[in-house]
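Engineer: Give me a 3D structure for the following:
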Amino acid sequence: MSALHKNKVTKLHSSYVLAHEQNEKKALKRRRVVMVRFTFLSVLLIALSAIFLYILHSQSVNIEAKMREQKKLEQRLESLEKQQKRLEEEIKKLHDDEYIAELARKKYYLSKEGEIIFAVPGK
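Structural biologist: As a prediction, the model looks like this:
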């Protein structure tokens, strides 16, 4: 029924009606432009956010790997420093004639004159 009424209604072709229709078309066009801009900026913002999140994640993974490597290297440094101290003490001891004599008696079963060496089996 409403379709019948619309067909019977005639449009006015006055300057006011034409100006109003043009204003409506401009407003519709502006809304479309605004929606396109909003959509474009939204997609751009989402893409940039995704890129930044990816970079942040990859950097955090790299940092964690570097920290693990640093811990391993610090442990290695610690063991090497202990070994260096032990070797320096060994060098100091090797300058002592009594220590060299004792070492030769223990390792190579050398003895002093009149001394008897008994080898006891280890556990």
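Engineer: and residue 103, how many neighbours does it have?
Structural biologist: Neighbour count of residue 103, defined by other CB atoms under 10 Å: 14. Every C-beta, even on glycine, is put in place using the N, C-alpha and C of the backbone.
Engineer: ok, now how distant is it from residue 15?
Structural biologist: Using CB to CB, to the nearest Å, one gets 119 Å for the distance from residue 103 to residue 15.
Engineer: Next SSE downstream of the helix or strand of the chain with the lowest mean pLDDT?
Structural biologist: Within the chain, no helix or strand scores below helix 2-8, which has a mean of 60 by mean pLDDT, DSSP states H and E. Counting by DSSP states H and E, the element after helix 2-8 in chain order, helix or strand, is helix 15-94.
Engineer: Check the offset of that following helix from the chain's centre.
Structural biologist: 10 Å (CA atoms, centre = their mean, to the nearest Å).
Engineer: between the helix or strand following that helix and helix 15-94, how big is the angle?
Structural biologist: Elements were assigned by DSSP H and E; along the chain past helix 15-94, the next helix or strand is helix 97-108. Counting by axes from the mean of the first three to the mean of the last three CA atoms, to 10 degrees, helix 97-108 lies at 90 degrees to helix 15-94.
Engineer: Okay, now the unreliable bits of this protein?
Structural biologist: For the chain, the stretches with pLDDT under 70 are 1-7, 9.
Engineer: Mind doing that once more with 80?
Structural biologist: Along the chain, segments meeting pLDDT under 80 span 1-13, 105, 108-113, 115-120, 122-123.
Engineer: Can you name the residues that contact residue 116?
Structural biologist: Neighbouring residues of residue 116 by CB atoms under 8 Å, 6 or more residues apart in numbering: there are none.
Engineer: before we move on, what SS does it have?
Structural biologist: coil (DSSP: H, G, I helix; E, B strand; the rest coil).
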